[in-house]
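1. any chance you can model this:
(chains A and B)
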Amino acid sequence: EVQLIQSGAEVKNPGGSLKISCQTSGFTFTKYWIGWVRQMPGKGLEWMGVFYPGDSDTRYSPSFQGHVTISADKSITTVYLQWSSLKASDTAIYYCARGEGVNWFFDFWGRGTLVTVSS
Amino acid sequence: DIQMTQSPSSLSASVGDRVTITCRASQGISNYLAWYQQKPGKAPKLLIYAASTLQSGVPSRFSGSESGTDFTLTISSLQPEDVATYYCQKYNSAPPTFGQGTKVEIK
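-> Numbering: from 1, shown residues only, chains lettered A, B, ... in the order given. Reported below is the predicted structural model:
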């Protein structure tokens, strides 16, 4: 069974750092792209970027390039999304999801991680 | 970048009604179009890919079609469990952007 298990909700101060995770199972980790999608409160879906564990290839949407970093630990089949300096506008639900290609649809999704940035 | 314009932004229909949602691409994207369903408080779920291919396990009342740069998601007979927001996504090129979403409610 394909599963993407995301880490729990976070509350952070502006300017702080954060790393959330997406632990995968049920498929060959190195043969699929894992992406991140942002959903701000009451808003639609935004494609942030994807990571290919097979060769660590990483692609970002221009809207998110330079503000977030996607990485992975192949030994525990987990992909991460991290920020070095959070802003209040980063408050959102972040979903990880699996895709077969770099610019592809996502066939399995995690349940989402709520990130709240507030002082 | 290719823009995806989804319409309507919301609709209200009765149980059993036929419901149609449209997504228009600003340029040709072949059939690289997916549809997702997002129920309140839940993660999105893939319904259709390649414009008209039903994902495994999705009820047959859902269907997709294309005509040039216009793509349509049809629910043949709306059910109470179909209350959700529906999104299209083009994936022919970077970035694979989503439409703005269509909220479907029961009248």
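2. so for the residue most central in space within chain A, what's the pLDDT?
-> Residue closest to the average C-alpha location in chain A (C-alpha atoms, centre = their mean): residue A:36, at 3.5 Å. pLDDT recorded at residue A:36 is 98.
3. if I look at residue A:113, how far off is chain B?
-> 11 Å (C-beta to the nearest C-beta, to the nearest Å). Placement of C-beta: from N, CA and C, glycine included.
4. circling back: I figured the residue nearest to the centre of chain A hits residue A:92, correct?
-> No - taking C-beta atoms under 8 Å as the definition, residue A:36 is not a contact partner of residue A:92, at 10.6 Å.
5. got the contact list for the residue nearest to residue B:30 when sequence neighbours are not counted?
-> Leaving aside its chain neighbours, residue B:30 sits nearest to residue B:92 (5.9 Å; criterion: C-beta to C-beta, 6 or more residues apart in numbering or on different chains). Listed by C-beta atoms under 8 Å, 6 or more residues apart in numbering or on different chains, the contact set of residue B:92 reads A:103, B:2, B:29-30, B:32.
6. which strand or helix spans residue B:92?
-> Counting by DSSP states H and E, no helix or strand carries residue B:92.
7. may I have the phi/psi pair for it?
-> phi -80, psi -20 (degrees, to the nearest 10).
8. what pLDDT is listed against it?
-> So residue B:92 comes in at 93 (pLDDT).
9. for chain B, give the residue positioned nearest to chain A.
-> Nearest residue of chain B to chain A (C-beta to the nearest C-beta) works out as residue B:34 at 3.7 Å.
10. how close does that residue get to residue A:14?
-> Remark: distance between residue B:34 and residue A:14 (C-beta to C-beta, to the nearest Å) = 35 Å.
11. when these two are compared, which one has more neighbours?
-> Just comparing residue B:34 and residue A:14: by other C-beta atoms under 10 Å in any protein chain shown the higher neighbour count belongs to residue B:34, 27 against 13.
12. show me what contacts the more buried one?
-> A:105, B:46-50, B:88-89, B:91.
13. per-residue pLDDT, the residue lying farthest from the centre of chain B?
-> Taking C-alpha atoms, centre = their mean, the residue of chain B most remote from its mean C-alpha position is residue B:1, at 20.3 Å. Among the per-residue scores, residue B:1 holds a pLDDT of 84.
14. please apply the same query to residue A:103.
-> 83.
15. next one: phi and psi at it?
-> phi -120, psi 80.
16. and stretch A:39-56, how far from the chain's centre?
-> 5 Å (C-alpha atoms, centre = their mean, to the nearest Å).
17. so who does the nearest residue to residue B:19 once chain neighbours are set aside touch?
-> Spatially, and ignoring its direct neighbours in sequence, residue B:19 is nearest to residue B:75 (4.3 Å; C-beta to C-beta, 6+ apart). By C-beta under 8 Å, 6+ apart, the residues touching residue B:75 are B:18-19, B:61-62, B:82, B:104.
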